[in-house]
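Student: fold the following, please.
(one chain, ligands or ions: 1)
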Amino acid sequence: MLVSRCAATVGKARRCAAPLRGHGSPWACLGSRAASATAEREDMARIADALRPYGSEEGRVRLEKDASGRQAWLSLVNPGKKNALSGKMMAELHDAVKELREGDEYKSTTTLFVQGTEDFFCSGADLGILMKKFTRQDGLDMSWLMQRTLHDLRALPQISVAVVNGGAMGGGTEIVLSTDFRVFQSKANFRMVQTTLGLVPGWGGGTRLVNLVGRTKALEVLCGAPKLDADGLAELGIADCVSGPDETAEAAAERFMKPFYDAKYPGAVQGAKSIIGFAHDHSDIDVSLNHEREVFSRAWQGEENKHALAEIDRARQARRAAQQQQK
Ligand SMILES: C[C@@H](C(=O)O)C(=O)SCCNC(=O)CCNC(=O)[C@H](O)C(C)(C)COP(=O)(O)OP(=O)(O)OC[C@H]1O[C@@H](n2cnc3c(N)ncnc32)[C@H](O)[C@@H]1OP(=O)(O)O
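Tutor: From the prediction side, this is the model:
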């Protein structure tokens with residue numbers, strides 16, 4: 001076994017059971033939620049450290065910013081194995097997501113591009129390690145770490161996009177499904193091969209697929225394991241954008257992400273993403289309305305809101321002055 005997990009946190013739903021509206025403070029549950037989130041993060045860090053020795057120097061996850069400081073790029077680099085993820089890369093993916101969430105260096109970034117290298121996105125878990133070195137318990141630990149890491153990736157304040165050149169297979173498709181958006185090169189493909197290996201998705205991709213395409217289409221994609229091309233993916237709603245035939249996925253993704261990248265008030269965009277993510281993940285409407293109010297209370301008369309209102313005021317005054325001059 002790689003690591004012993006914290007029994008108090010693993011696998012338990014982290015929803016607030018406390019009644020929220022009309023029963024005392026709407027934020028009453030936030031303290032206990034924060035405590036369990038901390039225990040969960042410690043758990044994940046322990047598993048990541050246990051997985052770190054399983055990999056080579058060549059396989060790595062790279063995180064960098066563009067010159068403007070607003071775009072972050074996360075690259076899965078293991079070209080000799082079609083960017084398959086070793087245990088070391090899973091640990092580095094966990095570290096990179098943590099850095100994006102908490103690191104000062106990435107505070108100014110508003111968009112996140114997730115990509116493979118060379119002609120492929122990612123072929124899933126490194127089968128050499130998975131089949132030869134991992135025990136059953138190691139596999140379960142890996143699943144827990146990757147599920148939570150990809151959940152955290154999706155919940156990042158940055159708007160994220162998977163940039164798919166070439167193929168995405170197995171766990172690679174699960175990474176694709178975890179970002180906010182998906183952009184495919186016109187010749188790219190996507191195949192959830194898990195059932196052909198006598199497996200099911202281990203990184204949360206089954207649940208995310210159903211949420212994205214609905215039950216019937218998910219059955220086709222996951223149980224039938226077809227190799228889907230970019231047009232088929234667009235039809236299913238998995239691809240949000242397909243590149244032109246001579247365009248790279250990177251160029252198409254930069255075009256697609258421009259409205260988020262150019263957003264005048266990034267704090268408001270982050271708040272709006274948080275509301276959408278929370279409403280999607282919580283079926284209890286009172287819980288998500290309370291969250292929405294909490295986000296609103298931070299935005300209302302905050303710096304961005306004041307700036308926007310002052311601009312509107314200035315524009316109105318300028319219009320009035322121009323009208324006066326015309327009279
Ligand atoms: C955990 C679970 C989950 O979904 O949750 C999973 O991810 S299970 C993992 C699911 N993934 C898979 O089953 C993908 C298996 N790979 C393939 O089907 C194929 O390699 C393709 C990815 C379609 C690429 O085919 P193509 O003919 O273009 O290249 P190729 O097969 O010669 O692959 C180039 C080199 O990459 C290696 N390679 C490719 N995928 C790999 C993987 N997932 N793990 C370890 N090595 C891998 C090949 O063995 C080969 O190494 P050498 O040059 O040394 O021979």
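Student: quick one, what contacts Leu127?
Tutor: Counting by CB atoms under 8 Å, 6 or more residues apart in numbering, Leu127 touches Ala84. For every residue, glycine as well, the C-beta is placed using N, CA and C.
Student: apply 10 Å and report the result again.
Tutor: Leu127 makes contact with 81, 84, 170, 197, according to CB atoms under 10 Å, 6 or more residues apart in numbering.
Student: separation between the residue lying closest to the second one once chain neighbours are set aside and Pro53?
Tutor: Which is Ala84. Distances taken as CB to CB, 6 or more residues apart in numbering place Asp126 nearest to Ala84, at 4.2 Å, with adjacent residues excluded. From Asp126 across to Pro53, the span is 13 Å (CB to CB, to the nearest Å).
Student: please enumerate the shared neighbours of the two.
Tutor: Common contacts of Asp126 and Pro53 (CB under 10 Å, 6+ apart): 86-88, 133.
Student: now the buried members of those.
Tutor: Buried members of those, counted by 16 or more other CB atoms under 10 Å: 86-88.
Student: mind listing what's buried in the helix or strand encompassing Thr38?
Tutor: Per DSSP states H and E: Thr38 is located in helix 30-51. Neighbour counts over helix 30-51 (16+ other CB under 10 Å) mark 40-41, 43-44, 46-48, 50-51 as buried.
Student: and which of the residues you listed is nearest to Ser143?
Tutor: For the buried residues of helix 30-51, the closest approach to Ser143 (CB to CB) belongs to Ile47, at 10.0 Å.
Student: just checking, that closest one touches Tyr54?
Tutor: No: in this structure, Ile47 is not within contact of Tyr54 by CB atoms under 10 Å, at 11.8 Å.
Student: what are the boundaries of the strands in the stretch 151-300 of the chain?
Tutor: Ranges of strands within the stretch 151-300 of the chain are 159-164, 167-169, 181-184, 189-191, 228-229, 241-242, based on DSSP state E, counting those that start in this stretch.
Student: dump those strands into TSV; add distance to the ligand as well.
Tutor: Below are these laid out as TSV (distance: least, CB to the nearest ligand atom, whole Å):
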stretch	distance to the ligand
strand 159-164	13
strand 167-169	5
strand 181-184	16
strand 189-191	8
strand 228-229	13
strand 241-242	20
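Student: which one of the contacts of Leu127 is nearest Lys273?
Tutor: Gly170 (27.8 Å).
Student: show me the domain layout of the protein.
Tutor: As given by the TED database, the domain ranges for the chain are 35-262, 264-326.
Student: mean pLDDT added to the ones you listed, as TSV?
Tutor: Compiled in TSV, the domains of the chain are given as follows (pLDDT from 0 to 100):
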stretch	mean pLDDT
domain 35-262	95
domain 264-326	95
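Student: just the ones you listed: most buried one?
Tutor: The highest average neighbour count among the domains of the chain, using mean count of other CB atoms under 10 Å, belongs to domain 35-262 at a mean of 19.
Student: was I right about Thr196 contacting Gly124?
Tutor: No: proximity of Thr196 to Gly124 does not meet the contact threshold set by CB under 10 Å, at 11.8 Å.
Student: what sits in contact with each of the two?
Tutor: Contact with both Thr196 and Gly124 is made by residues Gly170, according to CB under 10 Å, 6+ apart.
Student: write out the residues of this protein neighbouring the ligand.
Tutor: Contact residues, the chain versus the ligand (CB under 6 Å from any ligand atom): 81-82, 84, 123-128, 167, 169-171, 174, 193-194, 197, 199, 201-203.
Student: could you rerun that using 5 Å?
Tutor: Within the chain, the positions near the ligand by CB under 5 Å from any ligand atom are 81-82, 84, 123-127, 169-171, 193-194, 201-203.
Student: check these and tell me the two furthest apart.
Tutor: Across the residues of the chain next to the ligand (CB to CB), the longest gap, 19.6 Å, separates Lys81 and Pro201.
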